[in-house]
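1. What follows is a protein structure lacking sequence information:
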């Protein structure tokens, strides 16, 4: 599958890997798309917005990487809540060995998150592309 061999070592690499995966699926990708403001006034941006060019169906993707265990994963539940305020559907794509088993379970159970290694199959279903 395209994108699986992409080495991901940080959040920026994960964004680039998501964008690289979009190309072979004929999806248009834009980075850091502004989508209004958060309740405390900060500008809200979506890491990646994918668009299927024929149907114009869109999906926002927040990319979360954690290489070692730490506190970064504590921000993920609020990210999932933030996605609910977007004007388009969205998910969290996560990668890295630093996510605890409990957080991985939470993410998958939320229905709003997918591990990067599973993203291509998820995108094929979401955008109605040919399944492998």
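-> Now that the structure is in, tell me what you want to look at. On a predicted model such as this, the values are computed, not experimentally measured, just so you know.

2. Going along the chain, name the helices of this structure.
-> 11-22, 76-83, 101-110, 119-127 (DSSP state H).

3. low-confidence ranges in this protein?
-> Scanning the chain for pLDDT under 70 picks out the ranges 1-7, 38-39, 71-72.

4. Can you give me the neighbour number for residue 43?
-> 10 (other Cβ atoms under 10 Å). Where C-beta positions appear, they are placed from N, C-alpha and C, glycine not excepted.

5. I'd like the distance between it and residue 51.
-> Distance of residue 43 to residue 51, computed by Cβ to Cβ, to the nearest Å: 21 Å.

6. what's around the residue lying closest to residue 51 once chain neighbours are set aside, how many residues?
-> Leaving aside its chain neighbours, residue 51 sits nearest to residue 28 (4.4 Å; criterion: Cβ to Cβ, 6 or more residues apart in numbering). Residues near residue 28, counting by other Cβ under 10 Å, number 14.

7. now residue 91
-> Using other Cβ under 10 Å: residue 91 sits among 21 other residues.

8. which residues sit in contact with it?
-> 59, 60, 61, 62, 83, 112, 113, 114, 122 (Cβ atoms under 8 Å, 6 or more residues apart in numbering).

9. do you know how far it is from residue 80?
-> Residue 91 sits at a distance of 9 Å from residue 80 (criterion: Cβ to Cβ).

10. Next, show the common contact partners of those two.
-> Common neighbours of residue 91 and residue 80 (Cβ under 8 Å, 6+ apart) are 112, 113.
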